[in-house]
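In: what follows is a predicted protein model with its sequence.
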Amino acid sequence: MHLIFLGPPGSGKGTQAGQISAKFTVPHISTGEILRTHVSQETDLGQKAKDYMDQGELVPDDLILDMVVHRLEQSDAQNGWILDGFPRNISQADFVATTIIPADSHPKELVRELRVINLDVPDDILVQRLLARGRQDDHEEIIRHRLQVYREQTAPLIDYYQDRDQLYHIDGNRSIDEVTEDLSQIVSA
């Protein structure tokens, strides 16, 4: 099982990835969580990433790619994974298709196996959710900027995966259980 969760900040990607991870016993790999860990541990990557995160900008690809590859090489990810927060742009999606996928995978099998979930939630709901979580970097101005950055840089992935028949849309503006039920049906299909 190889899943990618798309959706703007606050859409429930992390919550739903955690639910599906537990239900189907595959690791939930969140670049946001990995980055926050690096920032809190004040690693070199964390220091560089913090400057971008504090401004509501996406952390550049070169700071993310090695970290993701290293994580996916760990033993628990060998039989599947859920990516949350990666890829964020077309360049990273191409990286997933050419580098992250094991070289001995049969491309046609992988195309069927890779499922990309897009969680749709209206912007006003996203702002409310993000303000409610109370993180230090969640101020309305920063949130709205992050949503704009998402739309400009990450939303084109919707077309990228739609063109490859790998995209599934889910209404993320419902209860956690309702969204998880829809996701479980997609994963089990």
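Out: Here it is on my side, so go on.

In: which residue is the nearest non-sequential neighbour of E113?
Out: Spatially, and ignoring its direct neighbours in sequence, E113 is nearest to H2 (5.5 Å; Cβ to Cβ, 6 or more residues apart in numbering). All C-beta atoms are positioned from the backbone trio N, CA, C, and that covers glycine.

In: now Q47
Out: Excluding its sequence neighbours, the residue lying closest to Q47 (Cβ to Cβ, 6+ apart) is V39, at 7.8 Å.

In: for the strand or helix carrying the one you found, packing partners?
Out: Assessed by DSSP states H and E, V39 sits inside helix 31-40. The contact analysis (3 or more Cβ pairs under 8 Å, 6 or more residues apart in numbering; DSSP states H and E) places helix 31-40 against helix 44-54, helix 61-72, strand 81-84.

In: which one of the ones you listed has the lowest average pLDDT?
Out: Note on the helices and strands packed on helix 31-40: lowest mean pLDDT is at helix 61-72, with a mean of 82.

In: how big is the angle separating that helix from helix 44-54?
Out: Per axes from the mean of the first three to the mean of the last three Cα atoms, to 10 degrees, the angle that helix 61-72 makes with helix 44-54 is 120 degrees.
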